[in-house]
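> Below is the sequence, then the predicted model.
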Amino acid sequence: MDMRVRAADILPEDEEALLIGRVWSKQKDGPCVVLVRDGRLVDLNTLAPTVSMLLELPDLPKHLHGKAYEDLGPLEAYLDGSAGDLLAPCDLQAVKAAGVTFADSMLERVIEEQARGDASRADAVRAKLAPVIGDSLRGVVAGSEQAAKVKALLQDMGLWSQYLEVGIGPDAEIFTKAQPMSSVGCGQRVGIHPMSEWNNPEPEVVLAIRSDGVIVGATLGNDVNLRDVEGRSALLLGKAKDNNASSAIGPFIRLFDDAFTLSDLEVARVSLLVEGRDGFVMTGESAMSAISRAPSNLSRQLLNRNHQYPDGAMLFLGTMFAPVKDRRGQGQGFTHEVGDRVEIATPKLGRLVNWVDRSDACPEWQFGTGALMQNLARRGLLQG
């Protein structure tokens, strides 16, 4: 399988998109904040040493149009490795995720819970619950009066679940997906914990949020999930979600401007393609219009007077896509195999491409905040 990623394949359809990202530059011997300009990358480190600091600048698009910055070469050179590597487009921001935000994924979380993480039991549980819960949840706005009525009905039927509570109740599930700078970028390997035999990709839109709560842009993400681990107990969420290379973000953060707004995200359709070395192919699509909570609502539940993020945050918005296509045998549903190619795309944000490996086989995460500060100081980017 071809493991190359090309610039033309990952950039948004709109050539005027304002795209911010990060690369590891061999020339600079360290990470650089970059702007994509005509298929090339320009160095924004003279404007801000980190992406988190860059996004805090007021009227950021005005700093980017028509200004001269050092050219770091073509994007292709960071995809083929000749000039460096394409990194996840965030750095010091907290990496958070909202769970159970779509009706279909709510149903699948309940199935995991009822099946106790056993993939072989999922079909039978799905056949029992889908006709009742699935129809009840579609179109329900979380926290609404209608949601309260659905909750009462399902409780009377003995079908209420902790996943439905966060799915349609007043309070969203928001958890820590990964540590700052631990996410992998486009073209890199994503990790599945070797203990898992039932897992899946989660294609999602990811918001870039400033420290004051303003949503300044968006990108794509893969919130890799271990269904068997979380299905055994919701208290294992951390083990199911936060593993080496289990968070992929990219390829770039697209900034909001006159040509791209939050309204565009609310009607976006996010596609998924999984291609295995065994010839297995799976496709799917998530329509953001089906989300049970508005992105702005999730952002406010994340960052408010009760909880602050001084370096900003990246927020996965959840997915409606929970794959059920059998792979290892009838009734076994979907699970990843090493070597799977995972592609997550939407026209206005581009395409995030990764390959699946075991988390203990992926490169260890070793470049943390301390290493970043030392690197930036050595390069003279923290002066003043």
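In hand now; what should we look at? From a predicted model like this one, the values you see are computed outputs, not experimental measurements. Residues are numbered from 1 along each chain as shown.
> Pull the CA coordinates from the helix or strand containing residue 124 and hand them back as CSV.
For residue 124, the element it lies in under DSSP states H and E is helix 122-129. Provided in CSV are the C-alpha atoms of helix 122-129 (Å, rounded to 0.1, in the frame of the first residue of the first chain):
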residue,chain,number,x,y,z
ALA,A,122,-23.0,-6.5,19.9
ASP,A,123,-25.3,-7.6,17.1
ALA,A,124,-27.9,-9.2,19.5
VAL,A,125,-27.9,-6.1,21.7
ARG,A,126,-28.2,-3.8,18.7
ALA,A,127,-31.2,-5.7,17.3
LYS,A,128,-32.9,-5.3,20.7
LEU,A,129,-32.1,-1.6,21.3
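> Can you report how many residues lie near residue 382?
Residues within reach of residue 382, counting by other CB atoms under 10 Å, total 14. Using the backbone N, CA and C atoms, a C-beta is placed for each residue, glycine as well.
> correction: residue 344
29.
> Am I right that it falls within a strand?
Yes: judged by DSSP: H, G, I helix; E, B strand; the rest coil, residue 344 forms part of a strand.
> Next, work out how far apart the nearest residue to residue 121 once chain neighbours are set aside and residue 228 are.
With sequence-adjacent residues excluded and distances taken as CB to CB, 6 or more residues apart in numbering, residue 121 is closest to residue 115, at 4.1 Å. For residue 115, the distance to residue 228 equals 9 Å [CB to CB, to the nearest Å].
> likewise residue 313?
Taken as CB to CB, the span from residue 313 to residue 228 is 29 Å.
> can you check residue 61 too?
Per CB to CB, residue 61 is found 44 Å from residue 228.
> the more surrounded of those two?
Shown here are residue 61 and residue 228; by other CB under 10 Å, residue 228 has more neighbours (20 against 13).
> could you pull out the helices for the stretch 201-350 of the chain?
Secondary structure of the stretch 201-350 of the chain by DSSP state H, counting those that start in this stretch: the helices cover 227-232, 237-241, 262-266, 295-302.
> For residue 21, which three-state class applies?
Going by three-state DSSP: residue 21 is strand.
> Go ahead and confirm it touches residue 253.
Yes: between residue 21 and residue 253 there is a contact at 6.7 Å, judged by CB atoms under 8 Å.
> picking that back up, which helices and strands sit right next to the helix holding residue 124?
Contact analysis of helix 122-129 by 3 or more CB pairs under 8 Å, 6 or more residues apart in numbering; DSSP states H and E lists helix 103-115 as its packing neighbours.
> looking at this, residue 376 is in a helix?
Yes: per three-state DSSP, residue 376 lies within a helix segment.
> Enumerate every residue touching it.
Listed by CB atoms under 8 Å, 6 or more residues apart in numbering, the contact set of residue 376 reads 30, 49-50, 382.
> By pLDDT, rank the residues you listed and give me the bottom one.
For these, the weakest pLDDT value sits at residue 382, with 89.
> And the residue nearest to residue 117 when sequence neighbours are not counted, how far from residue 324?
Distances taken as CB to CB, 6+ apart place residue 231 nearest to residue 117, at 3.1 Å, with adjacent residues excluded. For residue 231, the distance to residue 324 (CB to CB) stands at 14 Å.
> One more: residue 209?
Look at residue 209 and residue 324: by CB to CB, they are 32 Å apart.
> what's the answer for residue 193, then?
21 Å.
> And residue 270, by the same measure?
For residue 270, the distance to residue 324 equals 18 Å [CB to CB].
> higher neighbour count, the two?
The neighbour count for residue 270 versus residue 324, taken as other CB under 10 Å, is higher for residue 270 (24 against 16).
> Quick check: the more buried one touching residue 291?
No: applying CB under 8 Å as the test, residue 270 and residue 291 come out as separate, 10.9 Å apart.
> Overlap in contacts, residue 21 and residue 253.
51, 89.
> Would you mind measuring the gap between the ends of stretch 180-193?
20 Å (CA to CA, to the nearest Å).
> sorry, that was for stretch 254-263
Stretch 254-263 stretches 14 Å from its first residue to its last (CA to CA).
> Could I get the buried residue list for that stretch?
By neighbour count with 16 or more other CB atoms under 10 Å, stretch 254-263 contains the buried residues 254-257, 260.
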